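> structure for the following, please:
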Amino acid sequence: MRRYRKALHYLPGATRRYAATANSPESAVVICGNTETVPMTDAPLATQPDQSFSVLASAGTGKTWQLVARLTRLLLNGARLDSILAITFTRKAAGEMQQRLNQRLRELLEADDQQLDLALTSIGETPTHELRRQARKLFESSLRTEQSLRSSTFHSFCQELLQRFPLEAGLPPGFELVEQTGLLVTESWDALFAEATAAPEQALALALDLMFGSLNGLHNTRDALFTFIEHRSDWWAFTQQSKDPAVTATAYLHQRLELDQQNSAVDTFLNSETRNRLGEFSSLLGRHANA
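Just a heads-up that it's a prediction; the model follows:
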């Protein structure tokens, strides 16, 4: 699987690194060149707010959990919510980070003493009466803060800096960012069609023809391809170590949907049991036609 990086609260000095393996949620913690293997769920090390860490891990191994835990510890150690800047790659991830932090703070408020102690211990804190009291105040404090956590994408943050200091950056005040994504997408679509038209018997043209038939036309095919492009990072992460990504993905779908590869989807869905149940359902509908 593809590996992603999250940097946690950079500070001067050496940066410690977490590196999760591609096949399991266990992590290799690299500290000043020395490596030791520690399960991600048992390693609150990277949540220490007074040290810098770089977390390298596959999708789904707990990077966001670590980051939210670190933010929580920063707040428990007296940091103001409006003084924290969290930067990520996508708007969706930025929104998710804000949502998860709010959820974490609310859970701390609603937890009983035993649950709260477990939650604090899991992020590397030692529970005390004062810490419990402080943890239960975080959610209300977050609601009363005028400026909440600043969760932004790299692009938005850099654009904000340029808008605040345009002259220093050599830009005219009030400049507008020109988005060329639509133009690039149109050019790539035209190039795809030109290549397929030039060689109608090749694999690309045959694949497009199959998509046209399966998706009922050009419009749906275009939408499907553009949707795939928007989620290409998920595809890369899922198939990175596969020699034949399409075959791997197809086999995975067959396994998850419990499909028999020897039978068509129609045969699998309309088996004898399903047909019998549909017949019973139709009979019941007939009895209450005027209901």
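> what about Asp117, which helix or strand?
helix 113-122 (DSSP states H and E).
> what residues sit buried inside that helix?
Applying a neighbour-count criterion of 16 or more other Cβ atoms under 10 Å, one finds Leu116, Asp117, Ala119, Leu120 buried in helix 113-122. To be clear about C-beta, it is placed using only N, CA and C from the backbone, and glycine gets the same treatment.
> go on, stretch 85-92?
Buried, per 16+ other Cβ under 10 Å, within stretch 85-92: Ala86, Ile87, Thr88.
> among those residues, name the ones in strands.
Using DSSP state E, the members of the buried residues of stretch 85-92 that fall in strands are Ala86, Ile87, Thr88.
> for Trp189, state which of those residues is nearest.
Thr88 (29.0 Å; Cβ to Cβ).
> next, count neighbours for Leu206.
If you count neighbours by other Cβ atoms under 10 Å, Leu206 ends up with 13.
> that one belongs to a helix?
Yes. Counting by DSSP: H, G, I helix; E, B strand; the rest coil, Leu206 is found in a helix.
> any idea how far it is from Ala199?
10 Å (Cβ to Cβ, to the nearest Å).
> and the pLDDT for Val247?
Note on Val247: pLDDT of 87.
> so who does Gln159 touch?
Taking Cβ atoms under 8 Å, 6 or more residues apart in numbering, we find Gln159 in contact with Leu177.
> for the remainder of this discussion, apply numbering that starts at 9.
Right, with 9 as the first residue, what we last looked at is Gln167.
> which SSE is it in?
Assigning secondary structure by DSSP H and E places Gln167 in helix 162-172.
> extract the C-alpha set from that helix and format it as CSV.
This file holds the C-alpha atoms of helix 162-172, laid out as CSV (Å, rounded to 0.1, in the frame of the first residue of the first chain):
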residue,chain,number,x,y,z
PHE,A,162,-1.3,23.6,2.0
HIS,A,163,-2.7,25.5,-1.0
SER,A,164,-5.1,27.5,1.1
PHE,A,165,-2.5,28.4,3.7
CYS,A,166,0.0,29.5,1.1
GLN,A,167,-2.7,31.5,-0.7
GLU,A,168,-3.7,33.2,2.5
LEU,A,169,0.0,34.2,3.1
LEU,A,170,0.3,35.7,-0.4
GLN,A,171,-3.0,37.6,0.1
ARG,A,172,-1.8,39.1,3.3
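> what about Val76, how many residues nearby?
A count of nearby residues for Val76, using other Cβ under 10 Å, gives 23.
> whoops, Phe201 was the one
Phe201 has 14 neighbours, counted by other Cβ under 10 Å.
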